[in-house]
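Undergrad: need a 3D model of the following:
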Amino acid sequence: QVQLEESGGGSVQAGGSLRLSCAAPGTISTLDTMNWFRQNPGKRRDLVEQLLSDGSTTYTDAVKGRFTIFRDGAKNTFYLEMPNLKPEDTAVYYCNGSGHLLDDDVYEEWGQGTRVTVAS
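TA: Coordinates of the predicted model:
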């Protein structure tokens, strides 16, 4: 079983910065698709950014030009760098990753979620 471990959420003032991280265990062989989603109570979970193993990225318009998704391949960890935070960025952020295990089985897993609160 693959367990993605998230960290890095917290409370900041508008204009502040946070970096979220999502670590995959050593039992994986590949990390092909890396996603960050966010969700508020009563709302759907929306994709914020996606990074593929070929380096291509997709951003939602609300964060384009502000947030950056990137990966540390040596650690099987990917990140969401969030500068210039706005109150509307407040949400629980979830990472999602998919790829292959060492035995070539496929996986897709979610992190446990980390709360980001941005005060105005």
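Undergrad: for the chain, what's the longest strand?
TA: Of all the elements of type strand in the chain, the one with the most residues (DSSP state E) is strand 91-100.
Undergrad: that strand: partners in the sheet, and parallel or antiparallel?
TA: Here strand 91-100 is paired, per DSSP bridges, with strand 33-39 (antiparallel), strand 106-110 (antiparallel), strand 114-119 (antiparallel).
Undergrad: quick one: distance of the first one to the chain centre.
TA: Distance of strand 33-39 from its chain centroid, counting by C-alpha atoms, centre = their mean, to the nearest Å, is 5 Å.
Undergrad: how about it as CSV, C-alpha atoms only?
TA: Taking Å, rounded to 0.1, in the frame of the first residue of the first chain, the C-alpha atoms of strand 33-39 are listed here in CSV:
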residue,chain,number,x,y,z
THR,A,33,1.4,12.1,-12.3
MET,A,34,1.6,14.5,-9.4
ASN,A,35,-1.4,16.7,-8.5
TRP,A,36,-2.4,19.2,-5.9
PHE,A,37,-6.1,19.7,-5.2
ARG,A,38,-7.9,21.9,-2.7
GLN,A,39,-11.3,21.8,-1.1
